[in-house]
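A.B. asks: sequence and computational prediction follow.
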Amino acid sequence: MTARDLPGDRPRRYVGRFAPTPSGPLHFGSLLTAVASFLDARAHAGTWRLRIDDLDTPRRVPGATDGILRTLAEHALHWDGPVAFQSDHVADYRAALSELSRQGLSFRCTCSRKDLRGHRVYPGTCRTRDVPPGRDAAVRILVPAADYAFDDRLQGPYAECLARETGDFIVARRDGLAAYQLAVVVDDAQMRVTDVVRGADLLDSTPRQLFLAERLGLETPRYLHLPVIVDRGGAKLSKRTAASTIEPGHPGQDLQWSLELLGLEPPERGTPEELLAWAVPRWDAERLPRGTTLATWTSL
């Protein structure tokens with residue numbers, strides 16, 4: 001997919017999105033991101049879209065998508081329009097890969113993790129190697145020795161030299177699936193996303209995504225990377241952390257904790273709808289905690 005595949009001009013109206021992976025129940029760290037993304041969209045009188053990033057089929061858990069939708073609805077995080085699914089856009093990813101190949105930017109790579117052990121940055125092993133068409137191989141993209149920089153709405157200026165920090169990175173896996181870095185660029189362009197609010201664990205992915213968008217002629221959204229919630233041991237809350245899984249029946253309490261972590265002082269009582277309605281006019285990204293991690297001692 002390239003800019004010429006997009007109909008019409010890019011709208012000016014704010015379009016945000018939340019894009020969970022259906023690999024298990026929604027955890028508190030993801031709920032916090034959803035709340036921040038939702039409030040940012042509503043405070044800008046914008047649209048808030050929901051996308052299920054289900055392209056990685058080995059990671060899909062049966063019933064996880066329905067559980068995510070129920071959890072969001074229970075917390076009054078009502079999305080606009082139909083739910084989007086990555087699995088519906090495989091043809092768009094293939095078109096993007098074809099465009100990168102047309103530009104002479106991609107090459108096939110047979111290196112295994114074992115082959116690359118000890119290399120922090122991909123050393124270019126397969127860059128000039130002739131890989132037979134029938135052999136299983138990933139697809140990598142040639143990166144320039146140039147800085148890709150952007151101004152994050154919370155973290156401030158951020159820059160990365162792709163050649164020095166990542167090397168030629170994967171845009172399609174051995175199994176033929178588009179890699180995350182490519183899929184998310186195509187997805188956001190397809191959905192006309194203007195603003196992305198997500199965790200700071202993806203901060204260093206942004207320069208790669210800016211590079212891909214540039215090569216595909218796609219516009220890029222503004223970014224706001226929230227601090228990642230960590231436990232008292234410094235571990236990121238995730239689906240692997242049972243204590244961070246959201247239990248049904250306590251949406252008001254979940255939202256109160258979320259709003260407090262986002263720099264607000266919510267009422268002690270209220271329905272999810274009331275708490276979010278209270279928070280929208282008070283949302284201010286300047287009040288968000290700085291840094292890339294945020295420790296919480298609360299038993300979530």
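C.D. replies: Yes, it's here.
A.B. asks: strands of this protein, start to end?
C.D. replies: Chain-ordered strands for the chain, with DSSP state E as the definition, fall at 15-18, 47-52, 84-85, 106-109, 138-141, 147-152, 156-161, 169-172, 195-199, 222-226, 228-230, 293-295.
A.B. asks: pull out the buried residues from the last one.
C.D. replies: In terms of neighbour count (16 or more other C-beta atoms under 10 Å), strand 293-295 has its buried residues at residue 294. For every residue, glycine as well, the C-beta is placed using N, CA and C.
A.B. asks: just checking, what packs against that strand?
C.D. replies: strand 228-230 (3 or more C-beta pairs under 8 Å, 6 or more residues apart in numbering; DSSP states H and E).
A.B. asks: the inter-axis angle of the longest helix along the chain versus strand 47-52?
C.D. replies: Scanning the chain for the longest helix, with DSSP state H as the assignment, gives helix 28-43. Angle, helix 28-43 to strand 47-52, by axes from the mean of the first three to the mean of the last three C-alpha atoms, to 10 degrees: 150 degrees.
A.B. asks: which of the strands of the chain sits closest to residue 95?
C.D. replies: With C-beta to C-beta as the criterion, residue 95 lies closest to strand 169-172 of these, at 12.4 Å.
A.B. asks: partner strands of the helix or strand bottoming out on mean pLDDT in the chain and their direction?
C.D. replies: Using mean pLDDT, DSSP states H and E, the weakest-scoring helix or strand in the chain turns out to be strand 293-295, at a mean of 80. Strand 293-295 pairs in its sheet with strand 228-230 (parallel), by DSSP bridges.
A.B. asks: in the strand it pairs with, which residues are buried?
C.D. replies: Quick answer for strand 228-230 (16+ other C-beta under 10 Å): 228, 229, 230.
A.B. asks: repeat for stretch 264-274
C.D. replies: Buried, per 16+ other C-beta under 10 Å, within stretch 264-274: 264, 266, 270, 272.
A.B. asks: and the longest helix of the chain, what does it pack onto?
C.D. replies: strand 15-18, strand 47-52, strand 195-199, strand 222-226, strand 228-230, helix 251-261, helix 272-279.
A.B. asks: that'll do, ta.
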